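S.K.: following is a predicted model, sequence given first.
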Amino acid sequence: MRRLGAPRPATVRAGDDGAPTRIGKKEVESVSEDWVVEDRWWTSRPLRRRYFEVVLDDGENTVVYHDVVGGRWYAQRG
């Protein structure tokens, strides 16, 4: 069994400002929103993620985030 909307590793190219410009083989048409989530800062495993809600060149809505602590990108359906 798999969680619906579970994040999956993503190949993302980001611009100088950190916003994604390409996800996999698809260009990012626009960034609708971005936000930062910080949690568990008081533990040995803090969580810090920068999320982006984007529209891809084929019209698909997707949410991606950059795990700032781990350095990896993940994607979820928007």
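M.R.: Received, thanks.
S.K.: for the protein, where's the lowest mean pLDDT among helices and strands?
M.R.: strand 73-77 (a mean of 87; mean pLDDT, DSSP states H and E).
S.K.: packing partners for it?
M.R.: strand 8-9, strand 61-67 (3 or more Cβ pairs under 8 Å, 6 or more residues apart in numbering; DSSP states H and E). Every C-beta, even on glycine, is put in place using the N, C-alpha and C of the backbone.
S.K.: let me see the contact set for Glu38.
M.R.: 46-48 (Cβ atoms under 8 Å, 6 or more residues apart in numbering).
S.K.: how close does it sit to Glu60?
M.R.: Glu38 is 28 Å from Glu60, where distance means Cβ to Cβ, to the nearest Å.
S.K.: now the strands for this protein?
M.R.: Ranges of strands within the chain are 8-9, 12-14, 20-23, 26-39, 47-56, 61-67, 73-77, based on DSSP state E.
S.K.: mean pLDDT lowest where, among those?
M.R.: Lowest mean pLDDT within the strands of the chain: strand 73-77, a mean of 87.
S.K.: could you list the buried residues of that one?
M.R.: By neighbour count on 16 or more other Cβ atoms under 10 Å, the buried set for strand 73-77 is 73-76.
S.K.: for Arg22, give the beta-bridge partners.
M.R.: Counting by DSSP bridges, Arg22 forms beta bridges with Arg13, Glu27.
S.K.: burial measure for it, as a count.
M.R.: 15 (other Cβ atoms under 10 Å).
S.K.: same question for Asp34.
M.R.: Asp34, neighbours per other Cβ under 10 Å, totals 16.
S.K.: so it makes contact with Val64?
M.R.: No - contact between Asp34 and Val64 fails when scored by Cβ atoms under 8 Å: they sit 9.9 Å apart.
S.K.: shared neighbours of those two, anything?
M.R.: 51-52.
S.K.: possible to save the buried residues of strand 73-77 as CSV with distance to Ala19?
M.R.: As requested, those are exported to CSV (distance: Cβ to Cβ, whole Å):
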residue, distance to Ala19
Trp73, 12
Tyr74, 15
Ala75, 14
Gln76, 17
